[in-house]
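Peer 1: got a predicted structure plus its sequence, pasted below:
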Amino acid sequence: MILVVEDEPTIAGAIARRLSAEGYQVQTVGDGLAAVEAASSLQPDLLVLDVMLPGIDGLEVCRRVQAERPVPVLMLTARDDETDKLVGLGVGADDYMTKPFSMRELLARIKALLRRVERAKVLSSPNNEEDPIVAGDLVIDPNSRRVTRGGQEIHLTPTEFDLVVFLASSPRTVRTREKLLEHVWDWADASGTRTVDSHIKGVRRKLGADLIRTVHGVGYAFEPVEDD
Ligand code: CA
């Protein structure tokens, strides 16, 4: 079930119709507090969440919902710079779309997010044990999807986690933004390379700026910290 949180009835209606036509169950709510309640009582598989809402805003909704249970969140923002700001704050959304967006694009992103959640479930099943990635004081456990640095647990969103695992599994290898989009977000097109930059910022803010190197004009590489 997908919960659509949007106070603009035309947009909410259009999203709900399109998702229903694709076979998803959909509920819509138009304000922040109702969204937190609905997320708790309906246990949706995914939230489409507008930032500007009456009552409490989308950021606060995201925090409250995630504090109760991890659920993928696709956030709708009014401007690109707003997206950068939100990622910098570490709000915990998994993907962002700037209005206006096409329904086709929204659907593609929702499908990609749900696919990733499914994949994560398969990977974390007991017969799929993977070795933790250890790089200096950083430990990434793909099975429990937990990350610690210097023994301190760091909370990453599902997207941030997948991004770090992909980069860290090939240290010092430069990954292009297009490659990261394709692998982590499941998008074949490069229209969202900005999304990659925003999430890298979020990861650096949480893990420390020293682990991921920017290769200007190309992409990013994981640089393990060596203890010597
Ligand atoms: Ca709004």
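Peer 2: Thanks, I have the structure now. Numbers count the residues shown, from 1 in each chain.
Peer 1: flag the shaky bits of this structure, pLDDT-wise.
Peer 2: Filtered on pLDDT under 70, the chain yields the residue ranges 84, 87-90, 122-128, 189-191, 226-228.
Peer 1: contacting residues for the residue nearest the centre of it?
Peer 2: Nearest to the mean C-alpha position of the chain, counting by Cα atoms, centre = their mean, stands Asp94 at 1.5 Å. Neighbouring residues of Asp94 by Cβ atoms under 8 Å, 6 or more residues apart in numbering: Pro72, Val73, Leu74, Leu113, Thr157, Pro158, Thr159. Every C-beta, even on glycine, is put in place using the N, C-alpha and C of the backbone.
Peer 1: now it: how far from the ion?
Peer 2: 19 Å (Cβ to the ion, to the nearest Å).
Peer 1: could you find the closest non-adjacent residue to that residue?
Peer 2: Leaving aside its chain neighbours, Asp94 sits nearest to Thr159 (4.3 Å; criterion: Cβ to Cβ, 6 or more residues apart in numbering).
Peer 1: check Ser169 too.
Peer 2: Ile133 (6.4 Å).
Peer 1: pretty sure the one you found sits against Leu167.
Peer 2: No. Contact criterion Cβ atoms under 8 Å: Ile133 and Leu167 do not qualify, at 10.0 Å.
Peer 1: okay, those two: which has more neighbours?
Peer 2: Relative neighbour count places Leu167 above the other of Ile133 and Leu167, with 25 against 18, counting by other Cβ atoms under 10 Å.
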